[in-house]
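S.K.: structure, please.
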Amino acid sequence: MSAIAIIIMVFALFFAITVHEAAHGWAANKLGDPTAYSLGRVTLNPIAHIDPLGTIIFPLILIIMGAPPFGWAKPVPVNPLNLKNPRRDNLWISAAGPASNLSVATTSLIVIILLKLINPNVRDFLWSFLYSGGRLPRGFYPLEGLALILYFVVYINCLLAIFNLIPIPPLDGSGIIMGFLSEKNIQKYERIRPFGFIIILALIYLGFLRIIIWPIQIFINTIIFI
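M.R.: Model (predicted):
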């Protein structure tokens, strides 16, 4: 992976995480809990969401290992006592994060397609960069450069959204699942929470990220390079 690709992906990761966490806080505020809003977490300022381990150290470890940078931010605090229907509302709050990432990815993908229509060289530029070791041609290519940044924004936001939909606490998928469970089953489901982080790390170590990455790349490339 080239240094240019790593830099763009780190930027895209910070942006994706920021949007993700701000969406959680925004949804919670709309549903009656202003906790995150009062703490300044409903913002696109990445500094408000940085977690030293998940936003800095863990992505650096992945980069050193040659994997795409990936991570997480500080969890957005939610006080269920402020919610009218905690179980139902928590489902929507949990879903807001992945939904925001998919919205960003969709919008960015549409912009790339528009850039291709404006300048057909965008397609060749992306193809050359992605399949020639991340080398940039000499010259100034503003539209092509924008398309390249948006490509990784699509890629990282899709990866973050899909990964967070895994139903393992504390990922968002667990909050969505609990919205459909009875109180009795929620108590049983919560028993895996203390082991959630270990399970997630084990999945990453076993290459689960790569299983997610390939379909995402195929999907994005199919749309962009047709």
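S.K.: point out where the protein drops to low pLDDT.
M.R.: 139-140 (pLDDT under 70).
S.K.: centroid-nearest residue for it?
M.R.: The chain has Leu160 as the residue nearest its centroid, 2.6 Å off, counting by C-alpha atoms, centre = their mean.
S.K.: any idea how far the spatially closest residue to Arg87 that is not a sequence neighbour is from Pro167?
M.R.: Spatial nearest neighbour of Arg87, excluding adjacent residues (C-beta to C-beta, 6 or more residues apart in numbering): Gly179 at 5.7 Å. C-beta coordinates here come from the backbone N, C-alpha and C atoms, glycine included. Distance, Gly179 to Pro167, by C-beta to C-beta, to the nearest Å: 11 Å.
S.K.: neighbour count: the two, which is higher?
M.R.: Gly179 (19 against 14; other C-beta atoms under 10 Å).
S.K.: that one against Asn85, yeah?
M.R.: No. Taking contacts as C-beta atoms under 8 Å, Gly179 lies outside contact range of Asn85: 9.6 Å.
S.K.: against which helices or strands is the longest helix along the chain packed?
M.R.: Across the chain, the longest stretch assigned as helix under DSSP state H is helix 86-118. In terms of contacts (3 or more C-beta pairs under 8 Å, 6 or more residues apart in numbering; DSSP states H and E), helix 86-118 is packed against helix 3-30, helix 121-130, helix 142-164, helix 172-178, helix 208-225.
S.K.: what residues does the helix or strand following the first one touch?
M.R.: Translated: helix 3-30. Heading C-terminal from helix 3-30, the first helix or strand you meet, by DSSP states H and E, is helix 35-38. Outside of helix 35-38, the residues that reach it under the criterion C-beta atoms under 8 Å, 6 or more residues apart in numbering are 24-26, 28-29, 42, 76-79, 82.
S.K.: change it to 10 Å
M.R.: Helix 35-38 has contacts (C-beta atoms under 10 Å, 6 or more residues apart in numbering) with 21-22, 24-30, 41-43, 48, 75-79, 81-82, 93.
S.K.: repeat that for stretch 141-148.
M.R.: 4-5, 8, 108, 111-116, 118-119, 121-126, 128-130, 134, 136-137, 224.
S.K.: got a PyMOL select line for the buried ones in those residues?
M.R.: Of the contacts of stretch 141-148, the buried ones can be selected in PyMOL as follows, counting by 16 or more other C-beta atoms under 10 Å:
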select buried, resi 5+8+108+112+115+116+119+122+123+125+126+128+129+130+134+224
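S.K.: quick check: Val78 touching Pro86?
M.R.: Yes. Val78 is within contact range of Pro86, at 9.1 Å (criterion: C-beta atoms under 10 Å).
S.K.: Thr55: neighbouring residues, count only.
M.R.: 20.
S.K.: please renumber the chain so that the first residue is 448 from this point on.
M.R.: OK, 448 is where the count begins now, so the last one is Thr502.
S.K.: out of the helices and strands packed on helix 533-565, which gets nearest to Ile504?
M.R.: helix 450-477 (12.9 Å; C-beta to C-beta).
S.K.: who are the packing partners of that closest one?
M.R.: Where contact means 3 or more C-beta pairs under 10 Å, 6 or more residues apart in numbering; DSSP states H and E, helix 450-477 is packed against helix 482-485, helix 505-511, helix 533-565, helix 568-577, helix 589-611, helix 619-625.
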